[in-house]
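Undergrad: A structural model of the following input is requested.
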Amino acid sequence: MQNLSTCATPVDTSVNVKLTGVCFVKGRLVDVGVTNYFLTLPNPNPANSVSKIQIGLAFEADTRLEIVNYLGEVVKILENNTIKPGIYEYSIPTDELNSGVYQIRYTSGFFSKSQPLLIQK
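TA: Predicted coordinates:
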């Protein structure tokens, strides 16, 4: 069993963290899987009808995936549940959104990341 300092180690100066092995965290054994946290760029981007993204979760956690406009207002919620570790793909229908620049904001446990989404109609 590893202690916390060897369980989660920075990979580089960005938000990447390498999670390995079995850890003892706050009195609980945590088995770390092979999936890392990530949020892909939307594809296609710019989009005119549908765009797709993938997210990765290392741990089961409360997860929120949302689209935010340039004012910081949430315009669409794609996910707002506790979900299990793994890789998930989401289709983003853009027909309800106006042309413009948006952010896809992903938060799961301690992890948070945003990616830009450009909609052209």
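
Undergrad: show me where this protein has helices.
TA: Secondary structure of the chain, counting by DSSP state H: helices at 4-7.

Undergrad: Any stretches of it with poor pLDDT?
TA: Counting by pLDDT under 70, the ranges of the chain that qualify are 1-35.

Undergrad: Residue 41 - how many residues pack around it?
TA: When neighbours are defined as other CB atoms under 10 Å, residue 41 has 13 of them. Every residue, glycine included, has its C-beta placed from N, CA and C.

Undergrad: same deal with residue 110?
TA: Neighbours of residue 110 using other CB under 10 Å come to 10.

Undergrad: how far away is it from residue 62?
TA: Per CB to CB, to the nearest Å, residue 110 is found 11 Å from residue 62.

Undergrad: With residue 118 instead?
TA: Here the distance between residue 118 and residue 62 works out to 29 Å (CB to CB).

Undergrad: The two: who's more crowded?
TA: Between residue 118 and residue 62, residue 118 has the larger neighbour count (other CB under 10 Å), namely 16 against 11.

Undergrad: Now do the contacts for the closest residue to that one other than its chain neighbours.
TA: Excluding the flanking residues, the one nearest residue 118 by CB to CB, 6 or more residues apart in numbering is residue 46, at 4.0 Å. Taking CB atoms under 8 Å, 6 or more residues apart in numbering as the contact definition, residue 46 lies against 118, 119, 120.

Undergrad: Of those residues, just say which sits nearest to residue 79.
TA: Proximity of those to residue 79, judged by CB to CB, is greatest for residue 119, which lies at 19.5 Å.
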